[in-house]
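Mind looking at a prediction? Sequence and model below.
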Amino acid sequence: MGWLNGRPFKLALAGALFVASLSGLTSCGSNVTPAGLEPTLGFQLVDGGRVAFQAGEPVPSFSYQGRPRLELGTGWKFQPATLNQVLSFQPRKQSLKDLELEAAGRQTLEYEDANWAPATVPGSTSVPPEGRPVDGWYRVSFRPPTDWATETVRLKFASVNYLADVWLNGTYLGYHEGGVTPFAFNIDKALLPGARNVLAVRVYDPPKGARFDVVPWFYSDWWEYEGITGAVWLEASDPLHVVRADVVPHLDAADISVTLQNSSAQAIDNVALNVEILPAAVTTANLLNPDPVRLVPPTAASIATTSIEGMTINTNSVIAREASFLFSGADVWSLKSPALYVVGIYVSVNGIVVDTFYDTFGLRRIQVDPMSPRLMLDGQPIAFTGAAVQYEQVSPPVNGEPHGGVPPSPADELKLVRHAQGVNVDLLRTNHVPAQPELLMLTDRLGLAVWEEIPLNHYTPATFTAVMQRGLPQQMLAEMALRDFNRPSVMFHGFANESTGIAERTSAMQILHNLDRRIDGTRLTGQAMYGSDPTDPTSSPLDVAGYTFYYGIFYGGTRPEPGTSNALRLAHETYPHKPVMVLEFGDWVATNGGERQQANLFRDTYPSLHASFDTQPDGFVGSAVWWSLEDYWTDIAGIGVERFGLYQPSGLLRESGVVAKTAFGAVTVPGAPAGRPSGGAGTAAPVPEPSHFVLHLSFALLLPCLVLGILVGLMLGLRRWRLGMRPRRVS
């Protein structure tokens with residue numbers, strides 16, 4: 001998607017990666033100490049099920065809750081610093097003391113930071129066009145309410161790029177690696193309610209290409225925004241609280257898994273868990289309101305309720321409980337009618353509610369037709385018309401270029417969604433990273449599908465081996481899937497983009513697919529393979545076969561045909577039972593400003609894709625995604641702005657946008673707020689008793705010992721009895 005030294009960047013980069021793979025470099029480069037830093041997320045079995053833990057705590061929901069919260073969006077300061085790369089990637093048991101020596105007091109409450117520069121959070125230390133990643137330290141002071149002394153408080157980060165170490169009042173909370181996914185810490189032991197507190201964050205981003213064992217590892221065709229790039233906030237709750245509620249949707253049912261935590265130092269008896277399903281109505285008044293409760297009409301009645309009563313939750317423990325509901329006449333979530341529901345969770349002790357939790361969800365099913373290679377949404381064949389979107393502010397333009405900077409505001413994301421609707425796009429591919437939460441809120445409410453992915457971009461056999469051994473892609477996928485569990489618009493999870501290697505990539509795809517199924521199972525899995533090799537076999541473990549198609553641009557001659565049609569045929573022959581997802585096709589605007597070349601590429605490519613849409617008899621193409629909806633900044637030297645957009649930065653349609661609007665309009669049109677509450681009736685379905693895993697495991701381990709003990713006892717008893725029956729000798 002650009003030119004490098006006069007050559008197509010994609011081909012030049014592919015060649016560079018191939019050479020790097022063959023050069024015998026270690027997993028971390030020739031002169032870099034291999035990373036010993038471990039992923040922080042894993043899964044544990046608790047009473048009632050399997051729960052994700054991170055930094056010693058169950059992974060919470062990051063959706064908006066009406067609990068007491070303190071936004072940490074002002075008052076930040078930043079100091080650039082040269083940070084030690086070796087220390088950054090060593091295990092913290094080994095490196096923490098040295099990191100704190102390097103910090104020289106910056107992490108403490110008393111440190112004087114008056115001379116530090118003000119910093120924007122969320123924001124970035126590297127803003128285009130001149131900005132380049134700058135490592136360093138962030139600090140912010142705040143004063144939490146006094147009454148939080150009796151509450152449990154979590155510190156939540158939406159994203160920090162790339163490696164964050166966090167201290168509160170000099171107490172080390174932990175670290176997180178990965179620049180595009182959220183993380184949290186329990187701060188009960190370090191927080192000073194009613195007093196001045198100081199949060200310090202050390203942010204390090206290794207130079208791209210310097211390490212093989214990070215994600216992403218090489219220069220990316222987007223702008224890398226380093227720093228605290230997402231929101232930061234504190235959220236307080238009762239020590240007995242809902243950590244998260246995950247909804248597995250069906251077309252006429254929903255299974256809900258609730259994670260509860262007792263963070264107090266005493267067991268709590270007579271706990272009740274009540275689960276309620278409520279209707280939702282999206283209107284222009286509540287469209288941008290993140291609070292799920294605001295979607296519930298004031299006079300709305302419950303659709304269904306259930307309760308689990310009489311529970312005892314032990315001190316400092318986590319449990320999971322299940323609830324299931326059956327619906328009749330319910331509204332399913334679709335592109336034309338994106339019906340949502342709200343799940344409400346209420347935790348009470350002795351009849352008094354101590355915590356509430358709300359989230360939205362939709363009843364929908366995306367699947368591959370078991371009888372043919374077509375996508376089915378809610379039981380109906382569908383082929384998506386899509387566009388790629390970027391992780392940055394696009395407007396208002398600056399000097400005619402995209403605005404740049406992160407994160408986009410809800411209003412920015414709404415403008416993006418309106419642009420997508422304006423050209424009849426119904427699928428957004430979120431570049432090569434997870435989607436912004438604000439974007440997903442709107443795609444849920446306005447009816448667009450989303451393909452989001454983790455940034456395994458341009459990986460090679462060596463780099464796949466390095467990062468999979470470290471477990472980083474697995475952690476990023478889990479964080480993305482858990483964050484967006486209840487988002488009906490997220491229909492696809494992507495695992496890699498335009499990567500090389502066969503055995504290593506196939507293995508990675510299999511591992512990630514299996515993990516995705518264990519966490520969620522309601523999305524389809526895929527990757528974006530080079531379209532120049534339609535026989536690439538590495539999507540065999542995945543649900544769909546995704547490709548990037550640039551025939552007539554980077555390969556296949558000077559025109560899209562016959563290369564596009566031949567490649568589609570070969571892709572279908574390679575994957576006869578999978579939908580073929582064309583995840584990129586496009587062209588940039590010519591340097592002289594002419595738009596005709598870009599528009600002609602669309603005219604010459606799209607008819608071949610549309611002719612094989614899986615909504616056609618014998619069709620097999622599930623999507624045609626244009627790269628991209630809008631222009632965007634790139635880190636690639638000598639390019640600056642990638643002008644692939646259907647829109648100009650000013651918001652005006654390009655000629656390609658006019659062509660796409662007409663072509664895509666023949667397929668489907670995204671929905672809009674109807675203002676009508678979701679309807680139907682529901683009833684709670686019986687669910688099995690919780691597994692009580694620990695009890696069962698103990699029983700399973702002790703039973704053989706008990707049986708063996710009984711047998712030994714019986715044998716000894718029998719022997720004594722036999723001895724006792726023998727005639728005694730008389731001396």
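Thanks, I have it.

and the most centrally placed residue in the chain, helix, strand or coil?
Among the residues of the chain, the smallest C-alpha distance to the mean C-alpha position (C-alpha atoms, centre = their mean) belongs to Met480, namely 1.7 Å. Using DSSP: H, G, I helix; E, B strand; the rest coil as the criterion, the local structure at Met480 reads helix.

Enumerate every residue touching it.
Shown here is Met480, whose contacts under the criterion C-beta atoms under 8 Å, 6 or more residues apart in numbering are 181, 434, 452, 454, 493. Yep, even glycine has a C-beta here, placed from its N, CA and C like the rest.

So which bits of stretch 322-340 are buried?
Counting neighbours by 16 or more other C-beta atoms under 10 Å, one finds that the buried residues in stretch 322-340 are 322-325, 327, 330-335, 338-340.

Check stretch 115-125 too.
For stretch 115-125, the buried set under the neighbour-count rule, 16+ other C-beta under 10 Å, comprises 116, 119-125.

Please name the nearest non-neighbouring residue to His572.
The shortest distance from His572 to any residue that is not its chain neighbour, by C-beta to C-beta, 6 or more residues apart in numbering, is 5.0 Å, and that residue is Phe620.

Tell me where the stretch 351-500 of the chain has helices.
Taking DSSP state H, counting those that start in this stretch as the criterion, the stretch 351-500 of the chain carries its helices at 410-422, 437-446, 461-470, 472-483.

Against which helices or strands is the longest one packed?
Judged by 3 or more C-beta pairs under 8 Å, 6 or more residues apart in numbering; DSSP states H and E, helix 410-422 is in contact with helix 437-446.

just to revisit the earlier point, list the ones among the contacts of Met480 that fall in strands.
When those are checked against strands using DSSP state E, the ones located there are 452, 493.

could I get the buried residues of stretch 322-340 as TSV with distance to Asp516?
Formatted as TSV, the entries for these read as follows, by distance: C-beta to C-beta, whole Å:
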residue	distance to Asp516
Glu322	21
Ala323	24
Ser324	22
Phe325	25
Phe327	26
Ala330	26
Asp331	27
Val332	23
Trp333	20
Ser334	23
Leu335	23
Pro338	23
Ala339	25
Leu340	23
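
Of these, which belong to helices?
When DSSP state H defines the helices, the subset of the buried residues of stretch 322-340 inside them is empty.

Need the max-distance pair from those residues.
Of all pairs drawn from the buried residues of stretch 322-340, the one with the longest distance (C-beta to C-beta) is Glu322 and Leu335, at 30.1 Å.

lowest average confidence, helix or strand, in the protein?
Taking all helices and strands of the chain together, the one with the lowest average confidence (mean pLDDT, DSSP states H and E) is strand 3-4, at a mean of 36.

Test my guess that Met509 contacts Thr538.
Yes - at 5.9 Å, Met509 counts as touching Thr538 under the criterion of C-beta atoms under 8 Å.

shared neighbours, those two?
When contacts are counted by C-beta under 8 Å, 6+ apart, Met509 and Thr538 are jointly contacted by Gln527.

the helices in the chain, which residues?
Counting by DSSP H, one finds helices in the chain at the ranges 9-22, 85-88, 92-103, 410-422, 437-446, 461-470, 472-483, 503-519, 563-574, 596-611, 655-664, 693-725.

Out of these, which is closest to Ala684?
The closest of those to Ala684 is helix 693-725. By C-beta to C-beta, the value is 23.7 Å.

Now do that closest one, average pLDDT.
Averaging pLDDT along helix 693-725 gives 44.

Ok, stretch 406-414 next?
Across stretch 406-414, the average pLDDT comes to 93.

got the buried residues for it?
When neighbours are counted by 16+ other C-beta under 10 Å, the buried residues of stretch 406-414 are found to be 406-408, 410, 412-414.

what sits up against that stretch?
Here stretch 406-414 makes contact (C-beta under 8 Å, 6+ apart) with 122-124, 158-159, 225, 229-231, 287-288, 290, 391-395, 416, 436, 438-439, 441-442.

just to revisit the earlier point, show the pLDDT at the residue nearest to His572.
The confidence metric pLDDT takes the value 98 at Phe620.

Quick check: it vs Pro541, distance?
Shown here: Phe620 relative to Pro541, a distance of 19 Å by C-beta to C-beta, to the nearest Å.

Name whatever forms a beta bridge with Phe361.
According to DSSP bridges, Tyr341 are recorded as the beta-bridge partners of Phe361.

Let me see the contact set for it.
Contact analysis of Phe361 by C-beta under 8 Å, 6+ apart lists 247, 249, 254, 340-343, 486, 488.

Most neighbours among the residues you listed, which one is it?
Among the contacts of Phe361, the one with the most neighbours (other C-beta atoms under 10 Å) is Tyr341, at 32 neighbours.

I'd say that residue and Asp359 touch.
No - shown here, Tyr341 and Asp359 do not form a contact pair, counting by C-beta under 8 Å, at 9.8 Å.

that older thread, quick one: closest of the helices of the stretch 351-500 of the chain to Ile502.
For the helices of the stretch 351-500 of the chain, the distance to Ile502 is smallest for helix 461-470, at 8.1 Å, taking C-beta to C-beta.

how about that closest one: buried residues?
Judged by neighbour count using 16+ other C-beta under 10 Å, the buried positions of helix 461-470 are 461-468, 470.

in terms of contact count, name the helices or strands touching it.
If you count contacts as 3+ C-beta pairs under 8 Å, 6+ apart, helix 461-470 packs onto helix 9-22, helix 503-519.

tell me the angle of the last one relative to helix 472-483?
Note on geometry: by axes from the mean of the first three to the mean of the last three C-alpha atoms, to 10 degrees, helix 503-519 and helix 472-483 are set 30 degrees apart in direction.

pull the CA atoms of helix 503-519 into CSV?
Output in CSV follows, covering the C-alpha atoms of helix 503-519 (Å, rounded to 0.1, in the frame of the first residue of the first chain):
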residue,chain,number,x,y,z
ALA,A,503,4.4,-24.8,8.9
GLU,A,504,5.0,-22.1,11.4
ARG,A,505,2.0,-20.0,10.3
THR,A,506,-0.3,-23.0,10.0
SER,A,507,0.7,-23.9,13.6
ALA,A,508,0.0,-20.4,14.8
MET,A,509,-3.3,-20.3,13.1
GLN,A,510,-4.4,-23.6,14.6
ILE,A,511,-3.3,-22.5,18.1
LEU,A,512,-5.1,-19.2,17.9
HIS,A,513,-8.2,-20.7,16.4
ASN,A,514,-8.4,-23.3,19.2
LEU,A,515,-8.0,-20.5,21.8
ASP,A,516,-10.6,-18.4,20.1
ARG,A,517,-13.1,-21.3,20.3
ARG,A,518,-12.4,-21.9,23.9
ILE,A,519,-12.9,-18.2,24.9
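
still on that earlier bit, from the buried residues of stretch 115-125, which two are the most distant?
The most widely separated members of the buried residues of stretch 115-125, counting by C-beta to C-beta, are Trp116 and Pro122 (17.8 Å).

Just the buried residues of stretch 183-196, please?
Going through stretch 183-196 with 16+ other C-beta under 10 Å, the ones that come out buried are 183-188, 190-193.

Pick the one among these closest to Asp533.
For those, the closest approach to Asp533 (C-beta to C-beta) belongs to Phe183, at 36.7 Å.

Now do that closest one, the pLDDT please.
In this prediction, Phe183 has a pLDDT value of 98.

The one 5 residues further on too?
Per-residue confidence for Asp188 comes out at a pLDDT of 97.

Ok, Arg676 next?
If you check Arg676, the pLDDT there is 85.

which residues touch it?
For Arg676, the contacting residues are Ala281, by C-beta under 8 Å, 6+ apart.

I'd guessed Val248 sits against Ile519; true?
No - counting by C-beta under 8 Å, Val248 does not reach Ile519; the two are 10.8 Å apart.
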